[in-house]
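**Student:** My questions concern the predicted model and sequence given below.
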Amino acid sequence: MRIGGAIEREYHNPEEWVKFAKDLRYSAVLCPVDSASDAATRQEYLQAAKEADLLIGEVGVWRNCLSKDDKVRKDAMDYAKAQLALAEEMGANCCVNIIGSHSETAWDGFSAENYTESFYALAVDSVREIIDAVKPKRTFYTIEPMPWVLPDSPGNYLKLIKDVNRSAFAVHLDFVNMINCPERYCNASCFIKYCFDLLGPYIKSIHAKDVLMEQAYTTLIHETIPGKGTLDYKKILPLVEKLGKDTPLFVEHMSGYDTYKQAAAYVRSQAESVGICVKG
């Protein structure tokens, strides 16, 4: 198994970047450069990753490719294509984004329009356009599930895969983002297993977080650091390991360098407690 996460410290060269990754005991990393970087810099970081046995698991986009603002949408689409091309060049497991949103208050916000047929049709066309512009052979374009934007369940993620109908379209699994109601929260282990059962063949990268629901009205489900919520990682991690020893699991949304180290160490300890060998 490979565990990774963000660095959350400034680095100025590949040597400093590798030093931080090793201190955090990461064996999977987020891409340390973006598509605006020059070719020489990209190759320096790629070579450093290979020499340190660091798997580049994700190239992020994090732009709204379904914005109602035409310029914002075009710029986001152009950036997504450039980032997917970067993922191909760097040999990353995947390039990841959210599907987008018609919210007028937040780039990743909720909106009634996110559930319309026209939104879904635009989403399918957008993913196809990004993939068809790059035609990747080694990497995959993936969508992170969201609590209030499709795909928000393993079932409609699988539908999206079939409707996009591109071999380079795959799954970035964030099961915590889909735990968006009391039923899924209370039956989290079964729900997460269902995610792996249904989407397993398509999963290229995974986010690791935890959840905690308040006894308060109406429904308040909080994201928290692994080990501080109610998820049973001793049941989750064998599902990850079955996907292959190089499937990256990234802790995310931590508050800083030390918290990332704490989260990664917790996930590592849970894996080792059930007999899973963790690289790094």
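**Tutor:** Looks like it arrived, so ask away. Residues are numbered from 1 along each chain as shown.
**Student:** Please make it C-alpha for all contacts and neighbour counts, starting now.
**Tutor:** Noted.
**Student:** who touches residue 260 in this structure?
**Tutor:** By CA atoms under 8 Å, 6 or more residues apart in numbering, the contact list for residue 260 reads 5-7, 24, 251-252, 254.
**Student:** let's go with 10 Å and repeat that
**Tutor:** Contact analysis of residue 260 by CA atoms under 10 Å, 6 or more residues apart in numbering lists 4-8, 24, 225, 250-254, 266.
**Student:** tell me the two of those that are most distant?
**Tutor:** Pairwise distances across these (CA to CA) peak at 18.1 Å, for the pair 8 and 266.
**Student:** still on that earlier bit, make a ChimeraX selection of the buried ones in the contacts of residue 260.
**Tutor:** Remark: buried members of the contacts of residue 260, expressed as a ChimeraX selection using 16 or more other CA atoms under 10 Å:
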select :4,5,6,7,24,225,250,251,252,253,254,266
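**Student:** Which ones among the contacts of residue 260 lie within strands?
**Tutor:** With DSSP state E as the criterion, strands contain 4-5, 250-251 from among these.
**Student:** As a markdown table, those with pLDDT and distance to residue 150 would be great.
**Tutor:** What follows is the ones in strands among the contacts of residue 260, written out as a markdown table (pLDDT from 0 to 100; distance: CA to CA, whole Å):
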| residue | pLDDT | distance to residue 150 |
| --- | --- | --- |
| 4 | 98 | 26 |
| 5 | 97 | 24 |
| 250 | 98 | 21 |
| 251 | 98 | 22 |
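**Student:** What is the nearest of these to residue 36?
**Tutor:** Nearest to residue 36 among the ones in strands among the contacts of residue 260 is residue 5, at 21.8 Å by CA to CA.
**Student:** doesn't residue 26 make contact with the closest one?
**Tutor:** Yes: using CA atoms under 10 Å, residue 5 is in contact with residue 26, at 7.3 Å.
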